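Chemist: A predicted structure for the sequence below; I have some questions about it.
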2 protein chains.
Amino acid sequence: MRFNLLLASLGGVLALPMVAAAPPPSGDILGFTPASSRVQREWENKFRALPSPARMRADMKLLSARPHHVGSPYDKQNAEWILKQFTDAGWDAHIEQFDVLFPTPKQRLVELVAPTHFRAKLQEPPVPGDPTSAQTSEQLPTYNAYSIDGDVTGPLVYVNYGIPADYDDLARRGISVKGAIVIARYGGSWRGIKPKVAAEHGAIGCIIYSDPGDDGYSRGDVFPKGPLRPADGVQRGSVMDMPTYPGDPLTPGVGATKNAKRLPIKDAPTLTKIPVLPISYGDALPLLAAIGGTVAPSSWRGALPITYKIGPGPARVHLVVKSNWDLKPIYDVIGKLQGSSSPDEWVIRGNHHDAWVNGADDPIAGQVALLEEMRAMGALVKQGWRPKRTIIYAAWDGEEPGLLGSTEWAETHADELAQHAVAYLNSDTNGRGYLGVSGSHVLEKFINGVMRDITDPETGASVERRSLARVMERASPAARKALRSREDMHIGALGSGSDYTAFLQHVGVPSMNLGFGGEGEAGVYHSVYDDFYWYTHFSDSSFVYGRALAQTVGTAAMRLADADVIPYDFTDLAETVNGYVGELKALHKGMASEAVEHNRDIADSTFFLTNDPRAPLAIPKPEAAVPDLDFTPLDSAAAALTRAAARYQTAFNQSLDGAATESFVKLNQDLLQSERLLLSDAGLPNRPWFKHLLYAPGYYTGYGVKTIPGVREAIEQKEWSLAGTQISRVAAALDAEAALVDRAATELGH
Amino acid sequence: MRFNLLLASLGGVLALPMVAAAPPPSGDILGFTPASSRVQREWENKFRALPSPARMRADMKLLSARPHHVGSPYDKQNAEWILKQFTDAGWDAHIEQFDVLFPTPKQRLVELVAPTHFRAKLQEPPVPGDPTSAQTSEQLPTYNAYSIDGDVTGPLVYVNYGIPADYDDLARRGISVKGAIVIARYGGSWRGIKPKVAAEHGAIGCIIYSDPGDDGYSRGDVFPKGPLRPADGVQRGSVMDMPTYPGDPLTPGVGATKNAKRLPIKDAPTLTKIPVLPISYGDALPLLAAIGGTVAPSSWRGALPITYKIGPGPARVHLVVKSNWDLKPIYDVIGKLQGSSSPDEWVIRGNHHDAWVNGADDPIAGQVALLEEMRAMGALVKQGWRPKRTIIYAAWDGEEPGLLGSTEWAETHADELAQHAVAYLNSDTNGRGYLGVSGSHVLEKFINGVMRDITDPETGASVERRSLARVMERASPAARKALRSREDMHIGALGSGSDYTAFLQHVGVPSMNLGFGGEGEAGVYHSVYDDFYWYTHFSDSSFVYGRALAQTVGTAAMRLADADVIPYDFTDLAETVNGYVGELKALHKGMASEAVEHNRDIADSTFFLTNDPRAPLAIPKPEAAVPDLDFTPLDSAAAALTRAAARYQTAFNQSLDGAATESFVKLNQDLLQSERLLLSDAGLPNRPWFKHLLYAPGYYTGYGVKTIPGVREAIEQKEWSLAGTQISRVAAALDAEAALVDRAATELGH
């Protein structure tokens, strides 16, 4: 309704040319023989007609009707209801329970004690017209889960986003956070990085707030007039040190089953070192306004009507966090469709069902798509379809606190997954606009094929074409040229932030995360206002993108399950790896010349000569020269992978036409192991849980990916000898991968 | 005092290494024989010891004691007092009067009439502790001079900075300003561009406000606690169409003497086409908050605590401007030291004395340096020094309304200037930090030499070294390398914005603008708070940079007056011109490929595919292909200049050692004409007053320079045939310049 009204009112502007609608799918599907392709297309066409926006709307209304965080009655009720949907649709399903550490707050206080007094509200008020926002008795309070308990008082220091570069800046200004409470704005990194880095620099407490410049009135009208975060809106969220390991802090590497061996809470390394609380910009304003001292540099300034200053003090703050540290049960709903010919090859797809509060967008928008895929496949089974491989659909619990449900499940079933898993497909939130895809690059060509066959509901073009147009629109002329000459759209690499993490980075299952977005604004992330009212007024209110997501991910799952040859492609992987190696070399070279220039500036007194005596900066120390690094092993391994990938692709293209599908059994078993070869048993330096050598969340970015992380982070941290060791390790894995791909080409008779 | 206090309190941070102080000047001075150099250095050393911070402070207190805008009693009183300083110091001085159109407001109104009512204050209140801010009876009201009279009511549209690119953006959003009143923030261009472009697009009125993000609390504490613009602070300023011609609107091209022929006011082309008023951010907040419609894009958002929206409406505004359109007298103070051996070669130096209100920084900070130079030279004359060339010092009136005093004087004396003027040296405001220099590139090498001999008061290093460090600090690695291998620091090109304009761009006198700045913040530009209190609390409070400015410009004037050969260098000019030609080619090439990409995006439906139906944008039209342009004439003329410049430099370097200075008479006469050859009699397209072919203020930027403006603006405006004509014209001038330089080399015997 809103959509049409807006269209009508702006009709004069809107002179849209016609584009050809997405052509009806045709041609062979990657990994299918021509005969199999024809059969598959018939089933897919039936499948894509089934997901229903009306059902998704009803499901969202029900699943988000009450707060359903871990440990809440409605969380369990939702899990049981979801289970019933699976069994009603004919799936073999059950609930798998784990018992995890999940602190919930007993006491929270943020109080300005000098130079004036102010006590933060720490509450998101009910909004008239939005019924679920008034369910205050069931809502989790605003807090950051896995903050340790603490009662601290100290001067306040504004640290911008609170990332390492901000502390470099503070050091040049001679400002220390030792003994201070820092206040950081959300953004610039995953939130858990902020207390981690603050504690490393000696802070005793951490407050995180949503600045209206990043997440509030600056971007548009605030809720309920518009979709943006209102003055009292707070972003809850976990601050567990997930870049060390996600999942239950007490059971690293193993499932948190009833009788699992648990660490004492005091020894759990992923709890914060200092107390943390999130606040709204309404609560932040008096605190920030009370800070004096140095004026914050321009890139540190938000949209509050004040002069942002750094401190420390004269503002002093009293911060208290006390939690209930019980174990809580979590309920993963697991459904299965047994494969007909290759039941030991598993295609897995998941989306969490728990939320911080009502969670209409996060995660129910993705969950309702998953349910429609599940129901549609159930309906196809009744019509006679049967996947060749086993399909497993999972509705995870406990994603919000720390990817608990998916991680504990993947840890519990790690050995089976390593043997059987073909791919893991994830979704989470969903909105309007463009399909965002990140994942393992062996799946890049595959997902491009899927995107070509899905119709974007707003333009009638294919989802791939629309996403490519978005990339083109923003690309440099050189990048546009490169994109035009490339068959596939690039997909991003996965860091962390949702339930694919354990599958990809701990077990080595090729994974993808998919979701629509990029149109419209949102400012209700992890707030009570992320609810049915908000979603149906400001996001995918007609659920057409919910349907598109179900069509996309369901099609992908069916293709992965039915393909004659597992549809991995290694040419895109090899090209991507070569790109990463180039980035590492450029990073190293850039740091080397930066150190030279830095030392030259010291020798030339540049820092002295550009110092303002009324606002003096510390003169930095000289930097050690950056030693050479031998990238030859990586270069030659990447070259070997490139050759093998080309050979395999040729073989693959020539082999599927008219082949007997039985001849691919051994090949598929080999392919199944290809991503596992990219793992290191020892894991990454200082975080053995993370085993993937190509993708990891950054140790100091949190969600943001670091590619070839062992080498990249060693370079970034200037650990040159470690960088050398890691180069060898990655090169060895790539050599092994190249050998497997070469063998696979030979198996195809080339 | 403030300075030392701050240093002490931050002592722990400040670990400054020693840099070698500026070495005592030595070696030959550019344009001087060794013997002349020795004599010159003795006089210069005496000169640089004379300027007195204490006297500058006293002069500033006196000259800024009362409002002294054009037509005010104190403006005349200041002119008479300045004249007395000249005659007391032994100069031959007089006041030269002109009669100019200068409107002052009788009625001003900015009123929100819907959806609620609000009337703007339009007043800068007195600030306790700042005595001159309370002189309300003598202050000019807040207004924009040369706005036409008007009484208009219409819907309000927010147009960001109100530059042409902003209107392109509005067009894509389908928003028209026809019949509307626009509100633009200061910045992004010179202010006069805003009503000009608004009127071109059909607006009926224009409001300009100071956004706190650019000029207010966002950057630091506001006055009187800090130096930044307070909520009620307003930037006055002229909106005369100076890129067409500056000076008295009624006497273009001729002096506004008593009996000059004057245009009727209604025919004066440089008055605005629509009424304009400037307002404070205190007054702007209710207006902007009342605008609805489309949310402004992120780059349009300022620092007010609102959602910036574009409109039009529902805010409706009533705007009234009525002025008194009398002629007012202006008083230029002109002092002269007659040259001993070459009295017909003039070195001119100026700084204005009029202000919008009290004007401590603008222009008195520069004026007090000029007075100290003048007094010091007077003292040297008493000790026996006599410049070889004639030195003319000018304290201009009427700069603020439109460069009136300097323009009318330069127009009146245009023929003499064309015959006699060696250089014009300008200053205006002055602060702490780095010497900023822009000017004619024949003076680039010369001013580098001066800068090497002036000591920066904060670091003890030479002014050149400090400025170079600032450039280095911000340069890319490639740029740093280029800078290190270059003998001279680059100087910028001059657009407009101060009194050099008529000298350089109308008459072709090699000019420079000089002033210190870059440290500390300021938010009192053209406000009542630009006064003695503000300056002595927040700017060059000890006047050591005032002294440095006097030392720099005075040394430059003495060297230009005493040099055996006029110290122009053509190698830096040639290099700079070659750089400009490269820029023009890149601009043309970039526009050509941009048009191709744009049309490709239309063909590929990229605009359609990236359109959000809830916030649709108009699909742009295809662009005409960009034709080839023949840059060969420019290339070959620039190459000829490069060759001639190198030949002249070799001759120059070999000729000054031991030469009889009499032998340079003919050479100097030739050199004197070199900049004049870069003029075009016909002037620039559509603005014949501007005659310089290398430098002009941009027709759509106002102050910002456009180099090789005839060609550059033709390309920017896609007038391809005009671009071709202009290329020929510039090439011909450069060829003539090369011939002159070649002849000069021959005169030196090479």
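Modeler: That came through fine.

Chemist: interface residues of the stretch 251-400 of chain A facing chain B?
Modeler: For the stretch 251-400 of chain A, the contact set with chain B under Cβ under 8 Å from any Cβ of the partner chain comprises A:295, A:298, A:301, A:303-308. (C-beta placed from N, C-alpha, C; glycine too.)

Chemist: rerun at 10 Å
Modeler: The stretch 251-400 of chain A has residues A:281, A:285, A:292, A:294-296, A:298, A:301-309 near chain B, with proximity defined as Cβ under 10 Å from any Cβ of the partner chain.

Chemist: For A:Tyr161, which non-adjacent residue is spatially closest?
Modeler: With Cβ to Cβ, 6 or more residues apart in numbering or on different chains as the measure, A:Gly188 is the residue that lies nearest to A:Tyr161, at 2.8 Å, once sequence neighbours are left out.

Chemist: Is that neighbour in contact with A:Gly302, as I believe?
Modeler: No: counting by Cβ atoms under 10 Å, A:Gly188 does not reach A:Gly302; the two are 11.6 Å apart.

Chemist: what's around the residue in the stretch 201-350 of chain A positioned nearest to chain B, how many residues?
Modeler: Nearest residue of the stretch 201-350 of chain A to chain B (Cβ to the nearest Cβ) works out as A:Pro305 at 4.1 Å. Applying the criterion other Cβ atoms under 10 Å in any protein chain shown, we find 18 residues in the vicinity of A:Pro305.

Chemist: For the top helix by length along chain A, give the mean pLDDT please.
Modeler: Longest helix of chain A, by residue count under DSSP state H: helix A:571-603. Taken as a whole, helix A:571-603 carries a mean pLDDT of 97.

Chemist: Does anything pack onto it? Which helices or strands?
Modeler: Using 3 or more Cβ pairs under 10 Å, 6 or more residues apart in numbering or on different chains; DSSP states H and E as the contact test, the elements touching helix A:571-603 are helix A:444-452, helix A:606-609, helix A:632-655, strand A:705-707, helix A:709-716, helix A:720-747, helix B:463-474, helix B:477-484.

Chemist: Pull the contacting residues for the residue of the stretch 201-350 of chain A closest to chain B.
Modeler: Contact analysis of A:Pro305 by Cβ atoms under 10 Å, 6 or more residues apart in numbering or on different chains lists A:212, A:285, A:289, B:212, B:216-218, B:231, B:281, B:285, B:303-306.

Chemist: Wasn't A:Glu372 part of a strand?
Modeler: No: secondary structure assignment places A:Glu372 outside any strand; it is helix (DSSP: H, G, I helix; E, B strand; the rest coil).

Chemist: Which single residue of the stretch 351-500 of chain A ends up nearest chain B?
Modeler: Of all residues in the stretch 351-500 of chain A, A:Ala469 sits closest to chain B, with a separation of 3.5 Å (Cβ to the nearest Cβ).

Chemist: doesn't B:Arg600 make contact with that residue?
Modeler: No: using Cβ under 10 Å, A:Ala469 and B:Arg600 do not qualify as a contacting pair, with a distance of 11.5 Å.

Chemist: Of all residues in chain A, which one is nearest the centre?
Modeler: Compute the mean C-alpha point of chain A, and by Cα atoms, centre = their mean the closest residue is A:Gly497, 3.2 Å away.

Chemist: so how far is A:Gln505 from the nearest residue to that residue once chain neighbours are set aside?
Modeler: Setting aside the residues directly before and after it, A:Gly497 is nearest to A:Tyr703 in space (Cβ to Cβ, 6+ apart), at 3.9 Å. Distance, A:Tyr703 to A:Gln505, by Cβ to Cβ, to the nearest Å: 12 Å.

Chemist: What of A:Leu170?
Modeler: Applying Cβ to Cβ, one obtains 32 Å for the distance of A:Leu170 from A:Gln505.

Chemist: Please apply the same query to A:Pro477.
Modeler: Counting by Cβ to Cβ - A:Pro477 and A:Gln505 are separated by 36 Å.

Chemist: repeat for A:Ile163
Modeler: Counting by Cβ to Cβ - A:Ile163 and A:Gln505 are separated by 22 Å.

Chemist: Who has more neighbours out of these two?
Modeler: Regarding A:Ile163 and A:Gln505, a neighbour count based on other Cβ under 10 Å identifies A:Gln505 as having more, with 29 against 20.

Chemist: what residues are up against the residue lying closest to the more buried one once chain neighbours are set aside?
Modeler: With Cβ to Cβ, 6+ apart as the measure, A:His692 is the residue that lies nearest to A:Gln505, at 4.6 Å, once sequence neighbours are left out. Residues in contact with A:His692, defined by Cβ under 10 Å, 6+ apart, are A:440, A:494, A:501, A:504-509, A:511, A:675-676, A:678-680, A:683-684, A:709-710, A:733.
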